[in-house]
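**Q** Sequence and predicted structure below; questions after.
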Amino acid sequence: MENGTQKSPLRINFILLLFIIAVLLNWPWEMLQMLAYREMAHRSWSETAWMCFRAGLGDGLITVFVYSSTVLVCYVFSKEKSIMRMKNFATLAILGGIVAVAIERLALSAGRWSYSSAMPIVPIFEVGLMPLLQLIILIPLAVKLTFLAAGEPEGPLCVDIDHSSLTQGDLGRKRLLPRNSGSYGILSSLTHSTLF
């Protein structure tokens, strides 16, 4: 990547690609786990496929949310830390697990769905194992595949600057710089971007 080319990890093209890859990963997972949900176990394949596709769209949005949250954590607290490093993958997985537990607990308490005998239950959280593993595994995988598809196998790096020299206004406008950028700066927006 040349010094003059700066790619934000929150640029629109990248987020759209991440969403598409996440949907493609989550849709078959949703199909495979449907027998573990009492309301879906006896539905036709065509009906199940459409409902699982809609669920996959929701999973895609969740993936974008978790990824964006991880980027912002790196943006605020890290210096020269790649999004693709293991600790950031762990953050993606942990946030995915938290979101999964929250969704399942809310849905179960509201009666939106219930589990059949085929669903293993995680004792501590009292939620299904399969939807919990779904977001823990597929969110980091979707991010990894998206970086590979975008030609950025190592992911972008957080900007490495002296925070003590910045004003509050500067901190509010600070942007992640690309891995091979030769300079550090204050840019107007995380989402003001170039294409792949």
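**A** Thanks, I have it.
**Q** On the pLDDT front, check residue 170 for me.
**A** If you check residue 170, the pLDDT there is 46.
**Q** wait, I meant residue 85
**A** pLDDT, residue 85: 69.
**Q** The one 10 residues further on too?
**A** According to the model's per-residue confidence, residue 95 sits at a pLDDT of 93.
**Q** Tell me how far it lies from residue 32.
**A** Look at residue 95 and residue 32: by Cβ to Cβ, to the nearest Å, they are 23 Å apart. Using the backbone N, CA and C atoms, a C-beta is placed for each residue, glycine as well.
**Q** what does stretch 139-146 rub up against?
**A** 14, 17-18, 21-22, 25, 62-63, 66-67, 83-84, 89, 92-93, 95-96 (Cβ atoms under 8 Å, 6 or more residues apart in numbering).
**Q** Please identify which of residue 95 and residue 32 sits among more neighbours.
**A** Taking other Cβ atoms under 10 Å, residue 95 and residue 32 do not tie; residue 95 has more neighbours (20 against 12).
**Q** Which residue, other than its chain neighbours, is closest to the more buried one?
**A** With sequence-adjacent residues excluded and distances taken as Cβ to Cβ, 6 or more residues apart in numbering, residue 95 is closest to residue 66, at 4.6 Å.
**Q** Counting neighbours, what do you get for that neighbour?
**A** 25.
**Q** For it, list the residues it contacts.
**A** Residue 66 touches 92, 95-96, 99, 135, 139, counting by Cβ under 8 Å, 6+ apart.
**Q** Please repeat the previous calculation with a cut-off of 10 Å.
**A** Shown in contact with residue 66 (Cβ atoms under 10 Å, 6 or more residues apart in numbering): 22, 91-99, 135, 139-140, 142-143.
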